[in-house]
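Visitor: what follows is a protein structure lacking sequence information:
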């Protein structure tokens, strides 16, 4: 039986990128192949004994379910939630890194049979896994990870990942931190220009540093608009609202 390890499954509004304010079901997997210095979901970086499933949409009350969880159990939960709240815009697979569970995700999507659009939030480092899933999803939100650009073949993998993502509607997100090097950010912009300059680039200020990186954000914006057509500065709205 195909199973996966989760941290939490819940309903909220999207707080990042192009779909800010849209109601979504968030499927947060546990486990990641990176450890980013600015990670805001550190509790989801490693496998968990229990997953937290929301009792009722938007009530932030959870039940503990033993991991791993089956495709059938997750699909039943999603269908039950959609019956209670049919206005939900889409379903988002996030993490951790959801593509570590690529076959599980594919089975869930097939079982849901186009009930809602499917979004993928990913660190953009596993192009070979995305190739197996791209035909099943509607939207890709890909992070570029400049802090890992020193790793051999890392930039090439992210370039390949973006090319695959561009087959569907997609966005690129770069978290702007105080340690972000302008030369590394320029690499991101160059790759996006090579693939498709119309792909939206979201500059997301690191929430923990937002009060003192304003100058860095504007510098990155000026670099990006020289080569890209759609650059936006968007903070994490859900953190300002105090919700998940």
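Guide: It's in. Being a predicted model, the structure only gives us computed values, none of them experimental. Numbers count the residues shown, from 1 in each chain.

Visitor: please make it C-alpha for all contacts and neighbour counts, starting now.
Guide: Fine.

Visitor: quick check, residue 168 in contact with residue 139.
Guide: Yes. Under the criterion of Cα atoms under 8 Å, residue 168 makes contact with residue 139 at 6.2 Å.

Visitor: helix, strand or coil: sort out residue 33 for me.
Guide: Residue 33 falls in the coil class when you classify it by DSSP: H, G, I helix; E, B strand; the rest coil.

Visitor: how close does it get to residue 209?
Guide: Plainly put, residue 33 is 24 Å away from residue 209 if you go by Cα to Cα, to the nearest Å.

Visitor: tell me which helix or strand the most centrally placed residue in the chain sits in.
Guide: Residue closest to the mean C-alpha point of the chain, counted by Cα atoms, centre = their mean, is residue 121 at 2.0 Å. Element membership for residue 121, per DSSP states H and E: strand 118-122.

Visitor: contacts for that strand, please.
Guide: Here strand 118-122 makes contact (Cα atoms under 8 Å, 6 or more residues apart in numbering) with 90-95, 97-99, 109, 136-143.

Visitor: can you give me the buried ones in the helix-or-strand element of the chain with minimal mean pLDDT?
Guide: The weakest-scoring helix or strand in the chain, judged by mean pLDDT, DSSP states H and E, is helix 237-241 (a mean of 82). Buried residues in helix 237-241, counting neighbours by 16 or more other Cα atoms under 10 Å, are found at 237, 238.

Visitor: can you give the distance from that helix to the centre of its chain?
Guide: 16 Å (Cα atoms, centre = their mean, to the nearest Å).

Visitor: name the helices or strands packed onto that helix?
Guide: Of the remaining helices and strands, none touches helix 237-241 by 3 or more Cα pairs under 8 Å, 6 or more residues apart in numbering; DSSP states H and E.

Visitor: ok, residues contacting it?
Guide: So helix 237-241 is contacted by 13, 14, 15, 16, 20, 207, 244 (Cα under 8 Å, 6+ apart).

Visitor: let's see 10 Å
Guide: Helix 237-241 is contacted from outside by 12, 13, 14, 15, 16, 17, 20, 21, 207, 243, 244, using Cα atoms under 10 Å, 6 or more residues apart in numbering.

Visitor: what's the answer for stretch 203-210, then?
Guide: Contacts to stretch 203-210, defined as Cα under 10 Å, 6+ apart, come from residues 16-17, 38-40, 172-178, 211, 213-214, 216-218, 220-221, 224, 231-237, 239-240.

Visitor: PyMOL command for the buried members of the residues you listed?
Guide: Those of the contacts of stretch 203-210 that count as buried under 16+ other Cα under 10 Å are selected in PyMOL with:
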select buried, resi 16+17+172+173+174+175+176+177+178+213+216+217+220+221+224+231+232+233+234+235+236+237
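
Visitor: so of the contacts of stretch 203-210, which ones are in helices?
Guide: The helices, defined by DSSP state H, take in 214, 216, 217, 218, 220, 221, 224, 237, 239, 240 from the contacts of stretch 203-210.

Visitor: so how far is the strand holding residue 121 off the chain centroid?
Guide: Computed by Cα atoms, centre = their mean, the chain-centroid distance of strand 118-122 equals 5 Å.

Visitor: right, and the helix or strand after that strand?
Guide: helix 127-133.

Visitor: packing partners for that next one?
Guide: helix 102-112, strand 118-122, helix 154-165 (3 or more Cα pairs under 10 Å, 6 or more residues apart in numbering; DSSP states H and E).

Visitor: ok, 8 Å please
Guide: helix 102-112, helix 154-165.

Visitor: tell me the helix or strand right after it.
Guide: Remark: after helix 127-133, the chain's next helix or strand is strand 139-143, criterion DSSP H and E.

Visitor: now do that following strand: everything it contacts.
Guide: Contacts of strand 139-143 (Cα under 8 Å, 6+ apart): 117-124, 162, 165, 168-175.
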